[in-house]
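**Student:** What follows is a predicted structure for the sequence shown.
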Amino acid sequence: MTQKEKILGFMKENMKIPMTAEEMAVMLSVPKQDMTEFFNIIEELELEGKIVKTKKKRFATGALLGLVTGKFIGNERGFGFVEPEENDGADNFGDVFIGAENTGGALHGDIVMTKIITKPDGDRRREGEIVKIVQPAEHKIVGRFTRNENTGFVVPVYRRYATDFYIEPGNRNGAQDGDMVVAELLKRGSGKKSPEAKIISVIGNINTPGMDILSVIESRSVPYEFDEDVLNAAKHAAITVSPKDTEGRLDLRSEQIITIDGDDAKDLDDAVHVKKLENGRFELGVHIADVGNYVPVGGKIDREAYLRGTSIYLADRVIPMLPEVLSNGICSLNEGEDRLTLSVIMEIDKSGVVVDHKIYESVICSSKRMTYTDVTAIVEGDEEKRERFSDLVEMIGRMAELRAILRKKRVSRGSIDFNFDEARIVLDENGKPIDIVKRERGVSNSMIEEFMLVCNETVAEHMFWLNIPFVYRVHEEPDPDTMKEFAKFIAPLGYSIKHSNGKVHPRELAALIRSLTGKREEMIISSVALRSLMKARYSNENLGHFGLAAKYYCHFTSPIRRYPDLCIHRIIKEHLNGRLNVKKLAAFTAEAAKQSSDRELEAVDLERTIEDMKKAEFMHDRVGDVYSAVITSITPFGMFAALENTIEGLIRLADLNDDYYIYDEKTRSISGEHNGKTFQVGETIEIRVARADPQSGKIDFVLNAQENNQNSRRKAFLKKHREQVKTKKNTKIKTAKYLKKRQKKH
């Protein structure tokens, strides 16, 4: 334990009142010769926001003074939340709500100190006021520059900045109206005054194809280009497999092994084979590109891959984790080319149990580059495809048989399958969305999914019993209180789950989700169920995977696009070759798991943001059009409804103009106060597109039937208001009569 940790520990655990630095030094028996260092540490702790200095020059932790230190998470509507850095003495209270008037000039990402002004009450969060910005974030402001003769502003693309940034004429750096720019913060805002910034670079004009997406990427500080050092290192990697490379490896080049991927895929990092053994069991071989052989530990490519953590898939581009010369070249399992792999060969019985397995460093030569479309067609009996790929028909039949067995076993143990549709966005050559359709999934997609799942489980269990430091993919059990609330939510809808004081087996949730298929409540219950679960993450501890109902799980099968997979490959290779450094590995796996989890969350958020933007852009040209939609959720402020192509929009209660509507929290429905009309989740309605903002990704619908009924809601409101006034008047009259009677009695 460092001296700083000792001092902070003393202040947290032993101090009951604020103390001067000298008083603390006495309590801690600090030697005279160490006093200067002690005072310096106290000063550092204050600067870091770990402790607070009072007006009387005494020190204490924030918790002792009722303050919370944490990260400010901004919201586009001006308010935000503070995520406490650690247990602040009120661990059941969670985040602190910060109203727009109490942000104190803080911006998203700042580490701040917050004074609690309202304690939690029932479902209501505690509220706070930011009193100090302890550690400003590095604010990279990316947005559209708008100007006139006298004023200029940058309108940020990142939604969590809820303000525009004023740009002085001398700080515009040549930017023109409509340019997308990068700016740095000069001065924070206060009250109604906007923060001030300086433009440091111009990205390009907003009308340039792809500029909208590039601007968002820039705003998140996501690295999307490789520097010359990384590219040069990648170019020096081998382009073919030499005889020397294959020495000591299991040679599987004579086996019938195939890849199955999307039509446009270029980075083919997994291949499979399936045999039927003499004992009636199946042999499943999963062969994954040996990326670790070409990415040295600690090298330039490795450091960049660690920084990125994952490949990011956007509407118009892929931001790869590795340079394409590797991912599409020597690390891609191309048809007819020798490739180095890590192979997991499993013997699986007729009930789907892996009865034996081996992990090898290997060399393969893919027999055929197959697509999901072709394999699905073969399984479904397409004669033309079966004739064209006649040499593969028998193995693909075995694969389909094994897929069904594995899926049945996984479902029976309680693995949860959510049936959410995914969108495929079709762009023209200028990056403009011209169509949005549901992403199709056939039996071949499910086949590869089942093979990868069982492979990942097998590898995770194998490494767990070796007691070697490792990176697991974990999904912890849901919070019992959250599950109790979920059970209460579904009860009025006619559904239930068995639980023991909030503890639930995944089999219960899996059965519930299956029972919803095709029903009107499917979307809302599935969505709430998903939000009630913990988020999956990476960990150096094996905590199981609740969603898959698996005791052991990891990500082994995609080292081209996920850093944890690459990390796992190296651990396995070091173990196979007797080169493990357990102490060093233990520290690295914890660090890599945290880094990879953080990068994954950022990637998912970026992917969703871009998808929302492109959907809104697609609907922007369709404002006024009428569609059939299904209500997916209902909130106190409106209803969300989804079109057949997965596009979702909000119908605001303020736009329901035929009556005054009341929200029922128990049934998640809304009802008209006078007309008796009720809207429920799962109901099909006819909507008209009212608004679509490509920059924010927000889409608003209105009910089409109400377009010509603009005055009805006002009439309903006025009627309600008159009734309230009448009620108050009658109450006053009755009260006056009562008081008059009492006066007469006395």
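**Tutor:** Arrived safely, thanks for sending.

**Student:** count of residues packed around residue 673?
**Tutor:** Counted with other C-beta atoms under 10 Å, the neighbours of residue 673 add up to 14. To be clear about C-beta, it is placed using only N, CA and C from the backbone, and glycine gets the same treatment.

**Student:** May I have the phi/psi pair for it?
**Tutor:** Per-residue torsions, residue 673: phi -70, psi -30 (degrees, to the nearest 10).

**Student:** now swap in residue 570 and tell me
**Tutor:** Residue torsions, per degrees, to the nearest 10, at residue 570 are phi -70, psi -40.

**Student:** I'd guessed it sits against residue 292; true?
**Tutor:** Yes - between residue 570 and residue 292 there is a contact under C-beta atoms under 8 Å: 4.7 Å.

**Student:** who's more crowded, those two?
**Tutor:** Neighbour count, other C-beta under 10 Å: between residue 570 and residue 292, residue 292 has more, with 24 against 20.

**Student:** contacting residues for that one?
**Tutor:** 559, 566, 569, 570, 573 (C-beta atoms under 8 Å, 6 or more residues apart in numbering).

**Student:** can I assume it sits in a helix?
**Tutor:** Yes - counting by DSSP: H, G, I helix; E, B strand; the rest coil, residue 292 is located in a helix.

**Student:** any idea of the pLDDT on it?
**Tutor:** Turning to residue 292, the model gives it a pLDDT of 96.

**Student:** any idea how far residue 536 is from it?
**Tutor:** From residue 292 across to residue 536, the span is 24 Å (C-beta to C-beta, to the nearest Å).

**Student:** now swap in residue 471 and tell me
**Tutor:** 13 Å.

**Student:** Name the residue in these two with the higher neighbour count.
**Tutor:** Between residue 471 and residue 536, residue 471 has the larger neighbour count (other C-beta under 10 Å), namely 26 against 18.

**Student:** That one touches residue 538, doesn't it?
**Tutor:** Yes - assessed by C-beta under 8 Å, residue 471 is found in contact with residue 538 at 5.6 Å.

**Student:** anything in contact with each of those two?
**Tutor:** Listed as contacting both residue 471 and residue 538 by C-beta under 8 Å, 6+ apart are 555, 564, 592, 593, 596.

**Student:** on contacts alone, who are the packing partners of the one helix or strand residue 385 maps to?
**Tutor:** Take DSSP states H and E as the rule and residue 385 turns out to sit in helix 383-388. Counting contacts by 3 or more C-beta pairs under 8 Å, 6 or more residues apart in numbering; DSSP states H and E, helix 383-388 is packed against helix 372-379.

**Student:** Name the surrounding residues that touch the helix it packs on.
**Tutor:** Contacts for helix 372-379 (C-beta under 8 Å, 6+ apart): 260-263, 385-386, 389, 392-393, 396-397, 400, 442-445, 447-448.

**Student:** what about 7 Å?
**Tutor:** Helix 372-379 is contacted by residues 260, 262-263, 385-386, 389, 393, 396, 400, 442-445 when judged by C-beta atoms under 7 Å, 6 or more residues apart in numbering.

**Student:** what does the average pLDDT come to for it?
**Tutor:** 97.

**Student:** same thing with stretch 10-23?
**Tutor:** The pLDDT scores in stretch 10-23 average 91.

**Student:** and if you look at stretch 659-669?
**Tutor:** 87.

**Student:** What is the end-to-end distance of it?
**Tutor:** 15 Å (C-alpha to C-alpha, to the nearest Å).

**Student:** And stretch 677-693, by the same measure?
**Tutor:** Using C-alpha to C-alpha, the two ends of stretch 677-693 sit 30 Å apart.

**Student:** Just give me how far that stretch sits from the chain centre.
**Tutor:** Centroid displacement of stretch 677-693 relative to its chain, using C-alpha atoms, centre = their mean, to the nearest Å, is 27 Å.

**Student:** Pull out the buried positions in it.
**Tutor:** Of all the residues in stretch 677-693, those buried under the rule 16 or more other C-beta atoms under 10 Å are 679, 680, 681, 682, 685, 687, 688, 689, 690, 691, 692.

**Student:** And stretch 502-510, by the same measure?
**Tutor:** When burial is assessed from 16+ other C-beta under 10 Å, stretch 502-510 yields the following buried residues: 502, 504, 505, 506, 507, 508, 509, 510.

**Student:** For it, output the C-alpha coordinates as CSV.
**Tutor:** The C-alpha trace of stretch 502-510 is given here as CSV (Å, rounded to 0.1, in the frame of the first residue of the first chain):
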residue,chain,number,x,y,z
GLY,A,502,-35.9,-12.0,-7.0
LYS,A,503,-33.5,-14.8,-7.8
VAL,A,504,-34.5,-16.4,-11.1
HIS,A,505,-33.2,-19.2,-13.3
PRO,A,506,-32.5,-18.2,-16.9
ARG,A,507,-34.8,-21.1,-17.9
GLU,A,508,-37.8,-19.1,-16.6
LEU,A,509,-37.0,-16.0,-18.7
ALA,A,510,-36.2,-18.2,-21.7
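
**Student:** Please enumerate residues in contact with that stretch?
**Tutor:** Contacts of stretch 502-510 (C-beta under 7 Å, 6+ apart): 411, 414-416, 478, 480-481, 483-484, 497-498, 529, 546-547, 549.

**Student:** quick one: which of those residues sit in helices?
**Tutor:** Those of those mapping onto helices are 411, 480, 481, 483, 484, 529, per DSSP state H.

**Student:** Of the residues you listed - the most surrounded one?
**Tutor:** Counting by other C-beta under 10 Å, top hit in the ones in helices among the contacts of stretch 502-510: residue 483 with 23 neighbours.

**Student:** Double-check that one against residue 499; I have them as touching.
**Tutor:** Yes - between residue 483 and residue 499 a contact is recorded at 5.7 Å, counting by C-beta atoms under 7 Å.

**Student:** Overlap in contacts, these two.
**Tutor:** With C-beta under 7 Å, 6+ apart as the test, residue 483 and residue 499 reach no residue in common.
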